[in-house]
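[1] only geometry, no sequence info:
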């Protein structure tokens, strides 16, 4: 089966952003009287159990506008992350293979606000589009997000690969019919048979599907 397009998660899939974002999150939470540990590894371990960080944020974890404002502060500070080794080269290779690329991010922030960041990483010229939970607004989840991305691509799910670092993302979209690929940035167990160590391995995996 030929894969025609890839929907790519952004944070911790293509780019190592969470350590810097978590520093901003501490400042955001402190304004609400919530103290968050400065142990980044501890927070990452919680994040991969529960991306809303409800263990530490409690009711704030369900506040869409809290997250929106934190991501906006991240953008305004230009405290961007670092592209994972080989990720940018992999995207160039995939484009040369004729694959369409789209970013779908769970950030509660509109994609247009991320333009400068995506240009900074070198992604802007390679992707066909970007969609975020911020574009969808409050009350939506990753299932809705990937469904919107599929609609934007106007492709049947069976021709599209969804690539993410979070096992819960794959659990949420399993019913859509996409080919789901887990990126073992931190988590190692995924509800899919296709797990890669990093995005740098994507061209090989996609080529194997095309053969």
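    Good, I have the coordinates. Nothing here was measured: the structure is a model prediction, and the numbers come from that model.
[2] can we go C-alpha only for contacts and neighbour counts from here?
    Fine.
[3] now residue 144: which helix or strand?
    Secondary structure assignment for residue 144, by DSSP states H and E: helix 142-153.
[4] what's in contact with that helix?
    Under the contact criterion Cα atoms under 8 Å, 6 or more residues apart in numbering, helix 142-153 has outside partners 5, 7, 102, 104-106, 131-133, 136, 156-157, 169, 172-173, 176.
[5] helices and strands around the helix or strand of the chain with the lowest mean pLDDT, which ones?
    Taking mean pLDDT, DSSP states H and E as the measure, helix 40-47 is the helix or strand of the chain with the lowest mean score, a mean of 90. The contact analysis (3 or more Cα pairs under 8 Å, 6 or more residues apart in numbering; DSSP states H and E) places helix 40-47 against helix 18-30.
[6] who touches the helix it packs on?
    In contact with helix 18-30 (Cα under 8 Å, 6+ apart) are residues 11-12, 35-38, 40, 44, 57, 66, 70-71, 73-74, 79-81.
[7] which among those residues end up buried?
    Restricting those to buried positions leaves 11-12, 36, 44, 57, 66, 70-71, 73-74, 80-81, with burial counted as 16 or more other Cα atoms under 10 Å.
[8] can you tell me the SS state at the residue of the chain positioned farthest from its centre?
    Within the chain, the residue lying farthest from the chain centre (Cα atoms, centre = their mean) is residue 33, at 28.3 Å. At residue 33 the chain is in coil, as set by DSSP: H, G, I helix; E, B strand; the rest coil.
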